[in-house]
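**Student:** pasted the sequence and its predicted model underneath.
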Amino acid sequence: MKVQPHSLIQLCLKRVKAVSDKIRWTVIEMLMDGPKTVGELAKELGVEHSLLSHHLKILRNGGLVESSRAGKSVICKLTDAVAFSDAGWELDLGCCRLEKAASTPLASIFFPPVKN
């Protein structure tokens, strides 16, 4: 089945929106180490569960993160939109792909430290 150009544009827009925030980029980078619970993500990020839930919803809507229940916990993991190799990773935005070498922190590329 061929994907229509309009559908590709919609997918790209959702994924660009999903990665357009520092917290969401950090969540993606954290999940590159493997699945984590919402509680683990919130604790490492230092954010409230409600704020994290908002960001996870956007990542899920963009098709970048999926969640599942395990007892009382919600476990989050990256979808196949993020592909890994020895050289680094590749993020499929639908309209294009972002690539990152394994040795470069994700957040530092898009959100460099602010100099005073």
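**Tutor:** Looks like it arrived, so ask away. Residues are numbered from 1 along each chain as shown.
**Student:** residues in contact with the residue nearest the centre of the chain?
**Tutor:** In the chain, the C-alpha closest to the average C-alpha coordinate belongs to residue 28, at a distance of 3.4 Å (C-alpha atoms, centre = their mean). Going by C-beta atoms under 8 Å, 6 or more residues apart in numbering, residue 28 touches 19, 59, 64-65, 78, 82, 91, 106. (Glycine included, C-beta is placed from N, CA and C.)
**Student:** in terms of helices and strands, where is it?
**Tutor:** helix 22-31 (DSSP states H and E).
**Student:** from the contact counts, what lies against the helix or strand hosting residue 90?
**Tutor:** In this assignment (DSSP H and E), residue 90 forms part of strand 88-92. Other helices and strands packing on strand 88-92, by 3 or more C-beta pairs under 8 Å, 6 or more residues apart in numbering; DSSP states H and E, are strand 82-85, strand 97-101.
**Student:** quick one: the last one to chain centroid distance?
**Tutor:** The reference is to strand 97-101. 13 Å (C-alpha atoms, centre = their mean, to the nearest Å).
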